[in-house]
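just a sequence and a predicted model for now, questions to come.
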Amino acid sequence: MKINGSRLLRGILEVGGLAILVLVIVVVFGQVNAGRPSSTPAGMELTLPLAVSPTVGASVYISREVVVTPRGSAPGEVGIQEVPGGPAGPKSFAVRPDGEVYILDTVNHRINRYAGQGTFLSSVVYQPSIFGCDLAVASDGALYVLDGSDFWTVRRYEPDGTPSLVYKHPMRIQISHIGLVAANLLAESRGIGADMVITLGNAQREFSPNEQVRTKRDGLLYRAGTFTGRLVRSATGKGGYVERVLADGKMLRLDLTVDGFVAATPGFDVDVAGNIYVVVQVDRNGRGDIDERVLRYSPAGKLLDNVDIDDRYYAVPSRAVLVDERGDIYQLLPAKDRTVIKKWERR
C-alpha cells in the first residue's frame, strides 16, 4: 500500500491544530472559573465545572459540584471543627427527588437546605444537646435526625423546624443509620453476631416494638431496610463477592471486581430500574492507600460499571455516598475550608 506523505502530514497538522484550539478553550475556561466564589448567595445560581470519572464499563460518568459552601457559621455555611482525634464536620446528607440537598451541619446544630443548583434556601436549627449523626428527609419535607448522644433516639422535625415526634429503639440498641421506606422510619442496628432493621414508626405512632424486625447473622443491612446482604472476602483478601437476599428469599451473588483489598463493609442502594449500587472502599496495596468505588450491577447481578469516585475527606462523615432513584451518585466531601456535594451523572 502506497502512503501519500504530504497528505499524511497535512492530516496530522489539522488534528494538532484542533487539539491546540481545544487546549486554549480549556485554559480560558479554567481562568474564568478560577475567580468564581466558593458559595452562592440566596437567589443566585452558580454553574460549576464538570469532570469525567475513570470508569470500567460501558458508561461514562460526568461529575460536577452542585453545592459548594465555605467553612463557618453564617447562613448557608457548614461548620468544620478541630477536635482531638481529628477534624469534625457534617455527618450526613440527603437528596430529595426534586434535587434539593440537605446537609446535616453537626458542628452548628442545624440542617441546611439547598436548591439543586447550589443556592442556599433555609436552615432548621435543633437543640445543642443533640449530636446529629444521620439524616433522612420525607417526601413532605419532614426531617429525621439520629441523636448521637445515645444512638437509639431519632427526632422528627416539621419542615419549618418545629419538633414533633421522638422515636426510640425499643431494645435500646445503638442505631447506625436511618432511612424512610413507604413512610415508615426504619433504623439499622449492628449488634454482636447479627444485624437488625426495625420499624420505629410513622407519623401516627412513636414506635412499634418488634414489628417487622429482620435479622441476618454474619451479614449486614444497609440503608435501613432497602437492601439486605453480606460481604464475603476472597481467601487472599482481594475482592470477593456480596450476597443480596431477594424478596423471594433467593440469594443473588454480586462479584466484587476490584484490584485490591476490600477495606470496609460495602453500602448499597437500588434505583427505580432495579440496578444495584455497591459502595466499597478498596486498599490498593494493603498499606492504607484507599480508593472509593461505586459498582453498578444489573438486577440480575451483572457488573455494568466500576466508578472511581472522590476519596478526599478532611472530616469523615457517617454517610458519605448515596444514589438517588434515577441512579445519580451523590457524595458529601467536607474539606478544610469548605464543604462540597458532588454529583456523578451517567451519560
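Received, thanks.

sheet-wise, list the partners of the host helix or strand of residue 258 with their directions.
Per DSSP states H and E, residue 258 falls inside strand 251-262. Applying DSSP bridges to the sheet, strand 251-262 is found paired with strand 238-245 (antiparallel), strand 276-283 (antiparallel).

state the mean pLDDT of the last one.
When the per-residue pLDDT values of strand 276-283 are averaged, the result is 86.

got the buried residues for the helix or strand following it?
Using DSSP H and E, the helix or strand that follows strand 276-283 towards the C-terminus is strand 290-297. Under the neighbour-count criterion of 16 or more other C-beta atoms under 10 Å, strand 290-297 has 291-297 buried. (Each C-beta comes from the backbone N, C-alpha and C, glycine too.)

also stretch 106-118?
In stretch 106-118, counting by 16+ other C-beta under 10 Å, buried: 106-115, 118.

what residues does whatever helix or strand residue 145 lives in touch?
Under the criterion of DSSP H and E, residue 145 resides in strand 143-147. When contacts are defined by C-beta atoms under 8 Å, 6 or more residues apart in numbering, strand 143-147 is touched by residues 92, 102, 104, 111, 124, 126, 130-138, 153-159, 175, 177-178, 180, 185, 187.

roughly how far does residue 340 sit from residue 250?
40 Å (C-beta to C-beta, to the nearest Å).

of the two, give the one with the bigger neighbour count.
residue 340 (19 against 8; other C-beta atoms under 10 Å).

can you give me the end-to-end span of stretch 117-128?
30 Å (C-alpha to C-alpha, to the nearest Å).

ok, stretch 142-161 next?
For stretch 142-161, the end-to-end distance is 9 Å (C-alpha to C-alpha).

avg pLDDT for it?
The average pLDDT within stretch 142-161 is 91.

run through the residues that contact residue 113.
100-102, 120-124.

if you set the cut-off to 6 Å instead, what comes out?
Neighbour list for residue 113: 102, 121-122 [criterion: C-beta atoms under 6 Å, 6 or more residues apart in numbering].

residue 329 too?
Going by C-beta under 6 Å, 6+ apart, residue 329 touches 294, 323, 344.

residue 274 now?
Counting by C-beta under 6 Å, 6+ apart, residue 274 makes contact with residue 299.

setting aside sequence neighbours, what's the nearest residue to residue 322?
The shortest distance from residue 322 to any non-neighbouring residue, by C-beta to C-beta, 6 or more residues apart in numbering, is to residue 330 (5.3 Å).

thank you, goodbye.
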